[in-house]
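Trainee: When you get a sec, could you give me coordinates for this:
(2 chains, ligands or ions: 1)
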Amino acid sequence: MSCKRMENKIVAYVDGRLKDSERLEMEKHLSACRACQLRVNEFRAVAGFLDELPQIEPSAAFDVRVRARVAAEPVKQGWWAWFTPSPRVAFAASLLLLATVWIGSRPTDRTLTAADEAQINQDLPVLENFDVLSDFGALTDLPQPVQPEDTGDSNPDQNQNQQQNDGQNQTM
Amino acid sequence: MARSDVQLMLDVKAGDEQSFELLLQRYRTPLVNFLYRMVRAREEAEDLAQEVFLRVYRARKDYVPSAKFTTWLFRIATNLALNSVRDNRHQRMEISLDAPVTVDAEDGDEKVMDIAEKHPNIEQYMVEEARRKMIRHAIDKLPEKQRAAVLLHKYQELDYGDIARILECSESALKSLLFRAYETLRVELAPLVARAGK
Ligand SMILES: [Zn+2]
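Mentor: Here you go, the predicted model:
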């Protein structure tokens, strides 16, 4: 039997993974072949060196990252899934609720910041327009809004109101 | 009795997230170590291992227990590692054209400061560390497919059929890969082999 035929089985032999029949065949060859015997010894040494390397331990952040990435996965579900409560959705909803409560319970800051002032200045032209509109003469010619104490009932019918207000406007 | 990997994976498929956590705890260390030996950088190994778990999770709905779970797991890991090694080699070649070569401290090496505290017999420690460095470098020098074969064969409890499926080759091609890898290691580690023989 040739060394060439044996060589691919040497790693398995060293590792103790050959079938009994193959192992016996190998041992028969080794007893007659110094070259293969030497190779077996050296492969055994190599296998021993590989055992010397220490294992490393994954970092503490590793599990956290895996869990975060898995949690960030979109949930692929059919339309019917909308009707079954999912723990993921419940969790997200409770987080949202907590955040809302927290924002609502924060003490409000009464002092104006520069940003607030800028916002007010921006709103000023609108407020000025309101003044113009409320002083606008034509508006006073329109029927006055109904005063509840004048009408007695709460019927919002527009024609009725108009008739009642016509008399009022003339006295003014 | 502990549930088998396949059972855990079927439970994940059925929507049980806790079973995924059990698979994570079972395989985090072997996967990170395999990838660390493949890509030689700890941080990258952890990134790739995260990617492996994510892909397992994504594939849960289509999971069919046709092969061993570990075969599937390490096949994903091996493909990611081989791609990463090939990409990095390409990058390194580009960098080496215009940058001076610097020797970085190896990831697995301990900081010099800690050595004296942890190892009272510093001389013996230095000898052992030099040995380990030599072994690491010999593994690093193997072509990546041979390296994967050696690591899967040596450190994972996988049989030849499993490893051949992971590497997508025949069993006889795998045996040939292992033989060539051991031949290279034997030559690279000749100084240690000679000492071991005495
Ligand atoms: Zn022989």
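
Trainee: Give me the below-cutoff pLDDT ranges for the chain.
Mentor: Reading this off chain A. In the predicted model of chain A, residues A:1, A:76-90, A:106-117, A:119-172 satisfy pLDDT under 70.

Trainee: was after chain B, sorry
Mentor: B:93-116, B:197-198.

Trainee: Go ahead and flag the most central residue of it.
Mentor: B:Phe34 (1.9 Å; CA atoms, centre = their mean).

Trainee: Surely that one touches B:Arg75?
Mentor: No. Between B:Phe34 and B:Arg75 there is no contact under CB atoms under 8 Å: 11.8 Å. Bear in mind the C-beta positions are built from the backbone N, C-alpha and C, glycine included.

Trainee: All the helices of chain A, residue numbers only.
Mentor: A:3-7, A:10-14, A:20-32, A:34-52, A:60-71, A:87-105, A:114-135, A:137-141, A:148-151, A:158-171 (DSSP state H).

Trainee: Is there proximity between stretch B:118-125 and chain A?
Mentor: No. Judged by CB under 8 Å from any CB of the partner chain, stretch B:118-125 makes no contact with chain A; its nearest approach is 12.8 Å.

Trainee: what's the helix or strand for the closest residue to the ion within chain B?
Mentor: Of all residues in chain B, the one sitting closest to the ion is B:Phe179 (13.1 Å; CB to the ion). Using DSSP states H and E, B:Phe179 falls within helix B:171-188.

Trainee: List the buried residues in that helix.
Mentor: By 16 or more other CB atoms under 10 Å in any protein chain shown, the buried positions in helix B:171-188 come out as B:174-186, B:188.

Trainee: what angle sits between it and helix A:34-52?
Mentor: 80 degrees (axes from the mean of the first three to the mean of the last three CA atoms, to 10 degrees).

Trainee: Which residues outside helix B:171-188 are in contact with it?
Mentor: Applying CB atoms under 8 Å, 6 or more residues apart in numbering or on different chains, the external contacts of helix B:171-188 come out as A:7-12, A:39, A:42-43, A:45-46, A:49, B:134, B:137-139, B:141-142, B:145-147, B:149-150, B:153, B:160-161, B:163-164, B:167, B:169, B:193.

Trainee: now stretch B:62-71
Mentor: B:4-6, B:8-10, B:12-13, B:27, B:156, B:158, B:162, B:165-166.

Trainee: Top of the residues you listed by number of neighbours, please.
Mentor: B:Ile166 (26 neighbours; other CB atoms under 10 Å in any protein chain shown).

Trainee: still on that earlier bit, any idea which helix or strand comes after the helix holding B:Phe179?
Mentor: Following helix B:171-188 toward the C-terminus (DSSP H and E): helix B:190-197.

Trainee: Identify all contacting residues around that next one.
Mentor: For helix B:190-197, using CB under 8 Å, 6+ apart, the contacting residues are A:Asn41, A:Glu42, A:Ala45, A:Val46, A:Gly48, A:Phe49, B:Arg131, B:Met134, B:Ile135, B:Arg186.

Trainee: ok, so what distance separates the third one from B:Leu192?
Mentor: Pointing back at A:Ala45 there. Distance from A:Ala45 to B:Leu192, counting by CB to CB, to the nearest Å: 7 Å.

Trainee: what does chain A have sitting close to the ion?
Mentor: Applying CB under 5 Å from the ion, we find that chain A lies next to the ion at A:Cys3, A:Cys33, A:Cys36.

Trainee: 8 Å - rerun?
Mentor: A:Ser2, A:Cys3, A:Met6, A:Glu7, A:His29, A:Leu30, A:Ala32, A:Cys33, A:Ala35, A:Cys36, A:Gln37, A:Arg39 (CB under 8 Å from the ion).

Trainee: Same check on chain B?
Mentor: Counting by CB under 8 Å from the ion, no residue of chain B is near the ion.

Trainee: Show me where chain B has its helices.
Mentor: B:5-13, B:17-39, B:42-58, B:69-98, B:112-118, B:122-141, B:144-155, B:160-167, B:171-188, B:190-197.

Trainee: about what we covered before: if any of the residues of chain A next to the ion are buried, give me the ChimeraX selection for them.
Mentor: ChimeraX command restricting the residues of chain A next to the ion to the buried ones, with burial defined by 16+ other CB under 10 Å:
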select /A:6,7,29,30,33,36,39
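
Trainee: Now distance to chain B too, for the residues of chain A next to the ion, in CSV please.
Mentor: Below are those laid out as CSV (distance: CB to the nearest CB, whole Å):
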residue, distance to chain B
A:Ser2, 14
A:Cys3, 12
A:Met6, 10
A:Glu7, 6
A:His29, 15
A:Leu30, 16
A:Ala32, 20
A:Cys33, 16
A:Ala35, 13
A:Cys36, 12
A:Gln37, 12
A:Arg39, 8
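
Trainee: My guess is B:Leu142 contacts B:Val150. True?
Mentor: Yes. When contacts are counted by CB under 8 Å, B:Leu142 is listed as touching B:Val150 (6.7 Å).
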